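K.L.:
Provided below for reference: sequence and predicted model.
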Amino acid sequence: MPLLNQLKEYRTRLGVNQTELGRLAGVSRQTISLIERGDYSPSVTLALKLARICNVSVEDIFSYEEDEQ
C-alpha cells in the first residue's frame, strides 16, 4: 500500500534542489530524497509544509493506492 508522490516534479518546477527544498521545509536533503524515491512517508505536518511550499494541495503531490486482494 504505497504512498505515491510527485514531489520531484513539483520541486523541479520550483527550480530548487533537494537541499534547498529540505531547508525550506525544515528537514534534511536525505529526507527529501527518501520521500521522492518512495522510501519514506512524510508526516501529515511535513506533507502539508511541502504542499504549501509548492503552492499546491497535498493531494496534488501525494496519492495512496490500496493493494487489490
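P.N.:
Nice, I can see it. Numbering: from 1, shown residues only.
K.L.:
for the single longest helix found in the chain, which positions count as buried?
P.N.:
In the chain, assigned by DSSP state H, the helix with the most residues is helix 44-54. Residues of helix 44-54 classed as buried by neighbour count (16 or more other CB atoms under 10 Å): Leu46, Ala47, Lys49, Leu50, Ala51, Ile53, Cys54. In this view, the C-beta of every residue, glycine as well, is placed from N, C-alpha and C.
K.L.:
which one of these sits closest to Glu65?
P.N.:
Minimum distance to Glu65 across those is 16.1 Å, recorded for Ala47 (CB to CB).
K.L.:
any idea how far Leu7 is from the nearest residue to the closest one once chain neighbours are set aside?
P.N.:
Closest residue in space to Ala47, ignoring its immediate chain neighbours: Val58 at 5.1 Å, by CB to CB, 6 or more residues apart in numbering. Computed as CB to CB, to the nearest Å, the Val58 to Leu7 distance reads 11 Å.
K.L.:
more neighbours, these two?
P.N.:
Neighbours per residue (other CB atoms under 10 Å) separate Val58 from Leu7, with Leu7 holding more: 22 against 16.
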